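> generate coordinates for the sequence data below:
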Amino acid sequence: GRLDGHREVLGLWVGGNESAKYWVGVLNEIRNRGTEDIFIISVDGLTGFADAISAVYPKAEVQRCIVHQIRYTTKFVSYKDIKAFMNDLKGVYQAPTLEQAEEGLDRLEEKWGSKYPSSVASWRNNWPQLSAYFKYPYELRRMIYTTNQIENYNRQLRKVTKTRTIFPSDDALLKLLYLATMDITEKWTGRDRDWSKILSQLCIYFEERIEPGDLE
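Predicted coordinates:
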């Protein structure tokens, strides 16, 4: 998303082993093509991605996708406990403030830590990236707490490629994805209805990194 409130696809990449080295290459390409600064990056826990972001965009805040985190957490929880566990987990990720979220995490660990240590440890170990969104207002939180927007875009790309199991080359695949992207992004004409409020807060949080010309 740009400061004018509109979304944009910065690039398409095929292949790669999703290592930190690979993601550094992707991010360097984005930077070399003109994206000088990124305020907040939403990620889904891909291996090496957070380290690559720190290397290329050291000022960027990383928000790990809460939806992906919940999916990972609950796969360790038995069916008979899932309802109670999720109710307690909501006290963490739906908390109105960081302090209340941390108190909710303490309660979650006290109640479920011995029975589901991997689930609770995953929140503890990734807490800095899971909790970044608590400093922001609701309107901005809902934009960054999940990677659903990119997943929706990927879902539309899969509709185009699912009828073909084999492509003669990566270039052939990229050309098809590029044409699909042009069709998809042509519909991205609107802005979030709360964008004015969101922008005013971004200008406060990132005041030193926003030039007057960035808002034109």
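> so where do the strands sit in the chain?
Taking DSSP state E as the test, the strands found in the chain are 40-43, 61-64.
> what's the most buried one of those strands?
strand 61-64 (a mean of 22; mean count of other C-beta atoms under 10 Å). C-beta here means a position set from N, CA and C on the backbone, and glycine is covered the same way.
> what separates the residue most central in space within the chain from Ile53, distance-wise?
The centroid of the chain falls nearest to Ser42 when counting by C-alpha atoms, centre = their mean (2.2 Å). Shown here: Ser42 relative to Ile53, a distance of 11 Å by C-beta to C-beta, to the nearest Å.
> what stretches of this structure score poorly on pLDDT?
The model of the chain has pLDDT under 70 over residues 16, 212-214, 216.
> helices of that one, start to end?
20-32, 49-56, 66-74, 79-93, 98-112, 117-125, 127-130, 138-144, 148-161, 170-185, 195-205 (DSSP state H).
> what's the overlap in contacts for Ser42 and Ile53?
Taking C-beta atoms under 8 Å, 6 or more residues apart in numbering as the contact rule, Ser42 and Ile53 touch no residue in common.
> for Gly5, find the nearest of the helices of the chain.
For Gly5, the closest of these is helix 195-205, at 4.0 Å, according to C-beta to C-beta.
> what about Thr74, how many residues nearby?
15 (other C-beta atoms under 10 Å).
> ok, it to Ser114 distance?
Counting by C-beta to C-beta, the gap from Thr74 to Ser114 is 17 Å.
> for Arg142, same thing?
34 Å.
> again, but for Pro128
Counting by C-beta to C-beta - Pro128 and Ser114 are separated by 24 Å.
> go on, Arg2?
47 Å.
> next: Asp194.
42 Å.
> settle it for me: which of these two has more neighbours?
Asp194 (15 against 9).
> I figured the more buried one hits Glu139, correct?
Yes - using C-beta atoms under 8 Å, Asp194 makes contact with Glu139 at a distance of 4.1 Å.
> my guess is Lys135 contacts Leu98, does it?
Yes - counting by C-beta under 8 Å, Lys135 touches Leu98, with 6.9 Å between them.
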